[in-house]
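**Student:** Kindly return the folded structure for what I paste below:
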Amino acid sequence: MNKSKTIAAIDVGTTKVFSLIAEVFNDESQPKTPRIIATSIAPCNGLKRGNVEDIKLTSAAIKQTLQDLESRTDKKITSAYVGITGSHVSYENKRSPLKDVGSYGVITPDELKTNTTTAKSDNGRILLHAMPISYTLDGADGIRNPIGMHSDAVSVDTHVITADREFLDKLTEACKGAGINVDAFVMEPFASALSTLTEQEREQGSIIIDIGGGTTDIIAFKDDRVIYTAVVPVGGFQFTNDIAYTYDSTYESAEKAKMDHGHTELTAIEISENISLNSNEECQIIEVPAREIGRLLRERSIELAQMVQLKLEDLRIDNSSSMRVVVTGGGSKLPGISHLFQRYLGRRVRLGKPSITWHNESEKLTDPSQSTALGILIWAYSNLQDRPEINDKNKYADKDGRFLQKLLSNKTFRLSPWIRPTAQQINNQN
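**Tutor:** All right, here's what the predicted structure looks like:
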């Protein structure tokens, strides 16, 4: 007997909301590849730099995408996994001793599982993810997998991500205003990494730079583990706003000029080329040299690269300067920005397009601006191992907790067991 479930992912950005819906099913013998059945996008004016400022506007944008998905699939969406970012998110690496480990003579998977999450939500902050980095046994650091080892003095280094409770309350309210509950919040740069990085890149060491509408998110992997995250409060909105402010043009025409003619390399722009901008003065058109637009975009790109470099100076691990950089998100589509980042960061840089081998009945999903939403779907699907109505956990899980590796082994990526972060069930807390 086939069982199926639809899962929805929503990327609530500063300039747009992008939503997807997928169908997951099981045929009693093994999980089948999920099927993406629809996508939808709507402009959003309710956020500023990743933070919800207008709940009604945010809710309206979410609702517009959901109604579009429902009308095209005839499926009612009652809950979704929602991406989250913003300057309110904080990150910390914590070392915590583990209790009652090694009581059976060797360290067991169950002992690690019950001891992994060392951070708690409090009145002002809510735990989003707690991701183990490495373990310390009897003073020996950097142990990736202590299962089967002999020790009763074990500590874990955990990358802890928390968010401001007030912000999450606002985003939850916006979702409920659109008629849905939140299954879980997922950190957006983490989601982008799931859809753009290969297993080899996560293992050898890579840095994701996700340039969104209001923020640029940074996440670093090493040895297939998250070791660092940060947020820079600059994104594509600021690039467009520079043009609109400088020439007193409408934001819409400035955005069009950026998308149609923008480039960070001035030599790539014809010196005689002009761009027409709609002035804020009624019925007025402004003619601007295309290289002047390019100069503004170049200056903002250099500033962003410098701000990212300052953040990366906090990444204190051996050979961190050799880690590859993958630039993704809508802002990464600005021509020349990848090469500019490569020069100013002094690292190898490539453009990160999402790659997922799920069946897709919708549009081709390879645009960097779609990386986050697709990553949220990946995370949501992995989280379904706790849902017995979809998967028989006893049938597919083994003692080493490698359920996800079996579940996702037919894809271009594979998630390590640790990578399934803690889901904060917001609806159950309110």
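**Student:** what ranges do the helices span in the stretch 1-150 of the chain?
**Tutor:** Along the stretch 1-150 of the chain, the segments classed as helices by DSSP state H, counting those that start in this stretch run 55-73, 109-115.
**Student:** Out of the ones you listed, indicate the one that is most buried.
**Tutor:** helix 55-73 (a mean of 19; mean count of other Cβ atoms under 10 Å). C-beta coordinates here come from the backbone N, C-alpha and C atoms, glycine included.
**Student:** CA atoms only for that helix - export them in PDB, please.
**Tutor:** Once non-C-alpha atoms are left out, helix 55-73 reads as follows in PDB (Å, rounded to 0.1, in the frame of the first residue of the first chain):
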ATOM      1  CA  ILE A  55       3.400  41.100   9.700                       C
ATOM      2  CA  LYS A  56       0.500  41.800   7.500                       C
ATOM      3  CA  LEU A  57       2.600  42.400   4.400                       C
ATOM      4  CA  THR A  58       4.700  39.300   5.100                       C
ATOM      5  CA  SER A  59       1.600  37.200   5.700                       C
ATOM      6  CA  ALA A  60       0.000  38.400   2.400                       C
ATOM      7  CA  ALA A  61       3.100  37.400   0.400                       C
ATOM      8  CA  ILE A  62       3.200  34.000   2.000                       C
ATOM      9  CA  LYS A  63      -0.500  33.500   1.400                       C
ATOM     10  CA  GLN A  64      -0.200  34.500  -2.200                       C
ATOM     11  CA  THR A  65       2.300  31.800  -2.900                       C
ATOM     12  CA  LEU A  66       0.300  29.200  -1.000                       C
ATOM     13  CA  GLN A  67      -2.900  29.900  -2.900                       C
ATOM     14  CA  ASP A  68      -1.000  29.700  -6.100                       C
ATOM     15  CA  LEU A  69       0.400  26.300  -5.100                       C
ATOM     16  CA  GLU A  70      -3.000  25.000  -4.000                       C
ATOM     17  CA  SER A  71      -4.700  26.100  -7.200                       C
ATOM     18  CA  ARG A  72      -2.200  24.300  -9.400                       C
ATOM     19  CA  THR A  73      -2.000  21.100  -7.300                       C
END
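**Student:** which other residues reach that helix?
**Tutor:** For helix 55-73, the external contacting residues (Cβ atoms under 8 Å, 6 or more residues apart in numbering) are 6, 8, 10, 12, 16-21, 37-47, 52, 75-77, 80, 170-171, 173-175, 177-180.
**Student:** So which residues of the stretch 251-400 of the chain form helices?
**Tutor:** Using DSSP H, counting those that start in this stretch, the helices found in the stretch 251-400 of the chain span residues 251-261, 290-312, 337-345, 371-383, 393-396.
**Student:** ok now the second one, how far from the chain's centre?
**Tutor:** In this case it means helix 290-312. 22 Å (Cα atoms, centre = their mean, to the nearest Å).
**Student:** Does anything pack onto it? Which helices or strands?
**Tutor:** strand 206-211, strand 216-222, strand 225-232, helix 236-247, helix 251-261, strand 274-278, helix 337-345 (3 or more Cβ pairs under 8 Å, 6 or more residues apart in numbering; DSSP states H and E).
**Student:** which stretch of helix or strand covers S151?
**Tutor:** Assigned by DSSP states H and E, S151 belongs to no helix or strand.
**Student:** For the closest residue to it other than its chain neighbours, give its distance to G331.
**Tutor:** Excluding the flanking residues, the one nearest S151 by Cβ to Cβ, 6 or more residues apart in numbering is L137, at 4.3 Å. Between L137 and G331 the distance is 43 Å, computed by Cβ to Cβ, to the nearest Å.
**Student:** More neighbours: which of these two?
**Tutor:** G331 (27 against 18; other Cβ atoms under 10 Å).
**Student:** my guess is that one contacts G235, does it?
**Tutor:** Yes: at 5.8 Å, G331 and G235 qualify as touching, with contact defined as Cβ atoms under 8 Å.
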